[in-house]
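In: Output the structure for:
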Amino acid sequence: MLQNRGGARCVSAAQLVCWGSMPVYPLADADGGIKAVSITAMKSREAAMTAIKQVLIAYDDSDCAKQALGFACEFVRRFDARLHIVSVCQLPQFGSGTATEMIIENARGIYGKFFDGLKDNPAYRDMDLVKQMEIGNPAEMILHYAESHKIDHIIVGHRGFSNIERWLMGSVARQIIDNAGCPVTVIRESSYSAQ
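Out: Residues are numbered from 1 along each chain as shown. As a prediction, the model looks like this:
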């Protein structure tokens, strides 16, 4: 269940994008939950909509990323924005050159098939899409892409970790939230379903 700034509850993150006539950003709070932050500095809904033109979704082919992609599609339609779908192939810290090349080729195959499927999917035909695969540390590559392409909003999925996992390795979503130069929306696994 999500909450807006005044405490009113809503059913899904999609409702937070325009709460009545007041545009809001769905943002992750310090505990990893989603809250709404009003865009009170904006004079009108039109001004808010022109402020968001470039949206990035970090996509890793997980179930959570698929849910986040559904949210991202609704989000860019509401703001008439371009959607950058960025997938990152994370290289192993240890391994031979052959193993690394196999991982990269496997990722190119998986993401290439996914990107090609978007062309034939009627749900994406009317959208302005940019599809990109990067190689490296996921959080660093997403942040670098966002900065170099002047992204206005980042959307990431987060499947949740135990406290020990979070302590040992952190999460890509947390690193992005902590270092992004724009608002970030985190979609937790099973917290969003397209309506």
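
In: Count residues in the vicinity of the closest residue to residue 132 other than its chain neighbours, would you?
Out: Residue nearest to residue 132 in three dimensions, not counting chain neighbours: residue 86, with 5.0 Å by C-beta to C-beta, 6 or more residues apart in numbering. Backbone N, C-alpha and C define where each C-beta goes, glycine included. Neighbours of residue 86 under the rule other C-beta atoms under 10 Å: 24.

In: How about the one 10 residues further on?
Out: Residues contacting residue 96 under the criterion other C-beta under 10 Å number 9.

In: Might you list the low-confidence residue ranges for this protein?
Out: 1-50, 95, 160-170, 190-195 (pLDDT under 70).

In: I'd like the distance between residue 129 and residue 115.
Out: Here residue 129 is placed at a distance of 9 Å from residue 115 (C-beta to C-beta, to the nearest Å).

In: which of the residues in the helix or strand hosting residue 69 are buried?
Out: Per DSSP states H and E: residue 69 is located in helix 63-79. By neighbour count on 16 or more other C-beta atoms under 10 Å, the buried set for helix 63-79 is 64-65, 67-76, 79.

In: Serialize those to CSV and add fields for distance to residue 138.
Out: Listed next are these as CSV, based on distance: C-beta to C-beta, whole Å:
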residue, distance to residue 138
64, 13
65, 11
67, 18
68, 14
69, 16
70, 20
71, 19
72, 17
73, 21
74, 24
75, 21
76, 21
79, 25
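
In: Identify the bridge partners of the residue nearest to residue 132.
Out: residue 58, residue 132 (DSSP bridges).

In: ranges for the strands of the protein?
Out: Taking DSSP state E as the test, the strands found in the chain are 2-3, 9-10, 18-19, 22-28, 34-38, 54-58, 82-89, 129-135, 153-158, 184-188.

In: could you give the angle of the longest one to helix 63-79?
Out: Computed by axes from the mean of the first three to the mean of the last three C-alpha atoms, to 10 degrees, the angle separating strand 82-89 from helix 63-79 equals 160 degrees.

In: buried sites along strand 82-89?
Out: The neighbour-count check on strand 82-89 (16+ other C-beta under 10 Å) flags 82, 83, 84, 85, 86, 87, 88, 89 as buried.

In: ok, and the closest non-adjacent residue to the first one?
Out: Nearest non-adjacent residue to residue 82, counting by C-beta to C-beta, 6+ apart: residue 128, 4.3 Å away.
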